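Okay, here's the prediction I keep looking at, along with the sequence it came from:
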Amino acid sequence: MTQSAAVAQEAPAVNQPILHVENLQKAYHGQEVLKSVDFEIRKGQVKAVLGPSGSGKSTMLRLMALLEPSDGGSIKLRGETIGTKEHRGRTVHLPERLLARQRQDIGMVFQKFNLFPHLPAVRNVMLGLTSVKGVSHHEARELAMEMLQRVGLENRAEHYPSELSGGQQQRVAIARALVLNPSVMLFDEPTSALDPELVGEVLDVMENLAADGMTMIVVTHEVRFASRVASEVSLFDGGVIVEQAAPDQFFNNPKHERTKRFLSHVH
Ligand SMILES: Nc1ncnc2c1ncn2[C@@H]1O[C@H](COP(=O)(O)OP(=O)(O)OP(=O)(O)O)[C@@H](O)[C@H]1O
């Protein structure tokens, strides 16, 4: 194979979405939470997802992160179907071993930081590298320190979660996701559990990530963040995406009545 042919094979198609979700469905106890979600995000885009409480936003992210199986539809990451495969004409869910491997390419940050309380910050960040990726302790530590620096916490590396503020814990959680070098980062209301004065430091870290070209989906109630940082804003309601548009259009000239009503409550 010529060198240029090899490069062409490796490079993703320029306009191919990083993550592409089609007709995603999920029900709990017969109650449809995701009716049919279609969603795509391209490299470097930041999508903000707004919507009323209980509308299924977290469920959508958990399915995209392969933390729960869907009931239907498909998820493609960099052109490859993840989470499921076709087997004898049926769609089947992949075994946990394969899901774990695919999950490494999707970073997820939760409302609650979920750090291990008995490990200092740097060990929390290292854990995925040593236990999942088999990286040596020495190399994992170096990479973890780089990530802690990126979120402005290199001087808190040896602090335990109980010695850190909520905002700092959330920044450690972001570093923990980033260190695995995912193709896309999913944020599920990352500032909702924080005292108001700690929200800004987490949003600043996220804004820096976006400026560095990270591809991000952010479920949030932070309308100002969405309007400033997102490349596209979506309103999620009733198990579907009601409207998606660039922030200016979404906030200043929404098309759907549902979006207008939603915005009248949050503005
Ligand atoms: N594991 C589960 N088992 C049963 N029902 C669930 C489960 N997870 C979510 N639900 C239900 O699905 C619906 C959507 O929940 P979800 O957390 O996805 O909404 P949300 O839009 O993220 O809400 P919020 O903004 O309050 O976090 C809710 O009615 C919730 O009770």
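That came in fine, so what should we check first?

so is the residue most central in space within the chain in a helix, a strand, or just coil?
In the chain, the C-alpha closest to the average C-alpha coordinate belongs to residue 186, at a distance of 0.5 Å (Cα atoms, centre = their mean). Of the three states, residue 186 takes strand under DSSP: H, G, I helix; E, B strand; the rest coil.

I'd like the numbering to begin with 47 instead of 1 from here.
Fine by me, first position is 47 from now on; the one you just mentioned is residue 232.

For it, give me its contacts.
Neighbouring residues of residue 232 by Cβ atoms under 8 Å, 6 or more residues apart in numbering: 107, 110-111, 152-155, 262-263. For glycine as for every other residue, the C-beta is placed from the backbone atoms N, C-alpha and C.

can you give me the strands in the stretch 47-196 of the chain?
Secondary structure of the stretch 47-196 of the chain by DSSP state E, counting those that start in this stretch: the strands cover 65-74, 77-87, 92-96, 118-123, 126-128, 130-133, 136-139, 152-155.

Need those strands in a markdown table (columns: mean pLDDT, distance to residue 246 and mean neighbour count).
Formatted as a markdown table, the entries for the strands of the stretch 47-196 of the chain read as follows, by pLDDT from 0 to 100; distance: least, Cβ to Cβ, whole Å; neighbours: other Cβ atoms under 10 Å:
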| stretch | mean pLDDT | distance to residue 246 | mean neighbour count |
| --- | --- | --- | --- |
| strand 65-74 | 96 | 28 | 18 |
| strand 77-87 | 95 | 25 | 17 |
| strand 92-96 | 97 | 17 | 25 |
| strand 118-123 | 95 | 31 | 18 |
| strand 126-128 | 95 | 34 | 15 |
| strand 130-133 | 92 | 40 | 12 |
| strand 136-139 | 92 | 40 | 11 |
| strand 152-155 | 96 | 16 | 24 |
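
Now render the ones you listed as a markdown table, adding distance to the ligand.
Below are the strands of the stretch 47-196 of the chain laid out as a markdown table (distance: least, Cβ to the nearest ligand atom, whole Å):
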| stretch | distance to the ligand |
| --- | --- |
| strand 65-74 | 3 |
| strand 77-87 | 4 |
| strand 92-96 | 9 |
| strand 118-123 | 16 |
| strand 126-128 | 20 |
| strand 130-133 | 19 |
| strand 136-139 | 16 |
| strand 152-155 | 13 |
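
Any chance of the ones you listed in a markdown table with distance to residue 209 as columns?
What follows is the strands of the stretch 47-196 of the chain, written out as a markdown table (distance: least, Cβ to Cβ, whole Å):
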| stretch | distance to residue 209 |
| --- | --- |
| strand 65-74 | 36 |
| strand 77-87 | 36 |
| strand 92-96 | 31 |
| strand 118-123 | 36 |
| strand 126-128 | 37 |
| strand 130-133 | 42 |
| strand 136-139 | 40 |
| strand 152-155 | 20 |
